[in-house]
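> How does the following fold in three dimensions:
(chains A and B)
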There are 2 protein chains.
Amino acid sequence: MKIAVLGTGTVGHTLAGELVELGHEVMMGSRESGNPKGTEWAAGAGPNASSGSFAQAAAMAEVVINATPGTVSLAALSEAGEANLDGKVLLDVSNPLDHSSGFPPALSVCNTDSIAETIQRTFPRARVVKSLNTMGAPVMVDPQRLGRGEHDVFMAGNDPEAKAVVEGILRGFGWRPERIRDLGGLDAARGLEMWLPLWLRIFMKQPQGKLFNLAIVSED
Amino acid sequence: MKIAVLGTGTVGHTLAGELVELGHEVMMGSRESGNPKGTEWAAGAGPNASSGSFAQAAAMAEVVINATPGTVSLAALSEAGEANLDGKVLLDVSNPLDHSSGFPPALSVCNTDSIAETIQRTFPRARVVKSLNTMGAPVMVDPQRLGRGEHDVFMAGNDPEAKAVVEGILRGFGWRPERIRDLGGLDAARGLEMWLPLWLRIFMKQPQGKLFNLAIVSED
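Numbering: from 1, shown residues only, chains lettered A, B, ... in the order given. So this is what the prediction gives:
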């Protein structure tokens, strides 16, 4: 598939790198097409990797991944351009972390709304799916690193076909089908984003660098 | 120990019943001392069980458990009386679920505050510990029902001694020491309460009545 990864941070690099490894054609998008983080990544990641502006990346893609910080995602997607998002699967992995009052951050939107829903309202013809925001980047693309893959990833979105595309990407990363939990409509993204404050508190108590994720344990 | 369980709902009944089973002296508190839910429970639960008003229960107790809905907890604790909470361990298991806009509920407080912190500010001489609010009542008192006990319970609070008392109660319920995760100060209760929207979405997708909880899966 042709995939745009918007964002040049750790999450963007991790997702873009793994997607290229898996054989996809990936353009990393950033605010300016000559962004060194993007061009350096593309130069080292082989012939299926390229970089460009948010708009260039979204224009070439079948699937657009929003890996920008949630607090700037609307601005980034506006630069990507509504027309370039029209009808496309928009996988939103962002978190609306507001660092303005220090660490741990609060959320810039929550409870009765979410950044994913805000994106969907702003770009009604994009097919927004929330997923992968509930864990650190290395876990997203390599679930086998923890507990033999026995932990969970979630999806929320209003478009079943778009969720099927995202499920395919998740399976490509190694997620077991029974560990990909479809929580229903995009309003379930509120819960996925509101997990972050607990994730951050657990993170603060983890030995440094020790990856983790949550697993749902059910009664037999 | 002498324990007050404030609240006559499922959570209150479940906690009070198990605490009596474990040999504690338990008074179930409710708004009115003649509340039939309280008196019926006490009549059937043996000589260590009694019922009374919020104030009567708090007055007799060494440990007070707030098992009222979070949206009415401040009112219930005010009826319990500040003097009756003075210096006592106050285990807050409540969730601030606002059902006024239907199901699933939103939270009545979140993000930069929590019901637990609100309680602590209102009753500064109580020693508030947040715990157990992250799961259904049957799991609280019987962690072995799921995954051989390999899942997690959290604690947050500003008073180490109070947390040690709560840890003792949790171990009495069967929680393994390594699964009792101390997240630090009471502001971590924000994360514990903000887990509820995701818990509710998972609950909505679970087969009816099938209990679950979260487990933290860490890298080896």
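> Phi, psi for A:Ala61 please.
The phi and psi values for A:Ala61, taken as degrees, to the nearest 10, are phi -90, psi 150.
> And for A:His24?
Per degrees, to the nearest 10, the backbone of A:His24 is at phi -80, psi 160.
> Would you confirm that it contacts A:Val5?
No: contact between A:His24 and A:Val5 fails when scored by Cβ atoms under 8 Å: they sit 9.9 Å apart. Every residue, glycine included, has its C-beta placed from N, CA and C.
> These two: who's more crowded?
A:Val5 (34 against 20; other Cβ atoms under 10 Å in any protein chain shown).
> Low-confidence stretches in chain A?
Applying pLDDT under 70 to chain A picks out no residues at all.
> and the residue nearest to the spatial centre of it, how far is that from chain B?
Of all residues in chain A, the one closest to the mean position by Cα atoms, centre = their mean is A:Val93, 2.2 Å from it. Distance from A:Val93 to chain B, counting by Cβ to the nearest Cβ, to the nearest Å: 16 Å.
> List the residues that contact that residue.
By Cβ atoms under 8 Å, 6 or more residues apart in numbering or on different chains, the contact set of A:Val93 is A:Val11, A:Leu15, A:Ile65, A:Asn66, A:Ala67, A:Lys130, A:Ser131, A:Leu132, A:Asn133, A:Met140.
> beta partners for the fourth one?
Going back to what we said before, that points to A:Asn66. Per DSSP bridges, the residues bridged to A:Asn66 are A:Leu6, A:Asp92.
> Would you map the helices across chain A?
A:10-21, A:36-44, A:54-60, A:73-80, A:82-85, A:115-122, A:137-140, A:160-173, A:189-194, A:196-205 (DSSP state H).
> Dump those helices to TSV, plus mean neighbour count and distance to A:Gly29.
Compiled in TSV, these are given as follows (neighbours: other Cβ atoms under 10 Å in any protein chain shown; distance: least, Cβ to Cβ, whole Å):
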stretch	mean neighbour count	distance to A:Gly29
helix A:10-21	21	9
helix A:36-44	16	7
helix A:54-60	22	3
helix A:73-80	20	7
helix A:82-85	18	10
helix A:115-122	22	15
helix A:137-140	20	17
helix A:160-173	17	17
helix A:189-194	28	22
helix A:196-205	19	24
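> could the contacts of A:Val93 go into JSON lines alongside distance to B:Pro160?
Compiled in JSON lines, these are given as follows (distance: Cβ to Cβ, whole Å):
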{"residue": "A:Val11", "distance to B:Pro160": "36"}
{"residue": "A:Leu15", "distance to B:Pro160": "41"}
{"residue": "A:Ile65", "distance to B:Pro160": "44"}
{"residue": "A:Asn66", "distance to B:Pro160": "42"}
{"residue": "A:Ala67", "distance to B:Pro160": "40"}
{"residue": "A:Lys130", "distance to B:Pro160": "38"}
{"residue": "A:Ser131", "distance to B:Pro160": "39"}
{"residue": "A:Leu132", "distance to B:Pro160": "37"}
{"residue": "A:Asn133", "distance to B:Pro160": "33"}
{"residue": "A:Met140", "distance to B:Pro160": "36"}
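> Now the buried members of these.
Buried members of the contacts of A:Val93, counted by 16 or more other Cβ atoms under 10 Å in any protein chain shown: A:Val11, A:Leu15, A:Ile65, A:Asn66, A:Ala67, A:Lys130, A:Ser131, A:Leu132, A:Asn133, A:Met140.
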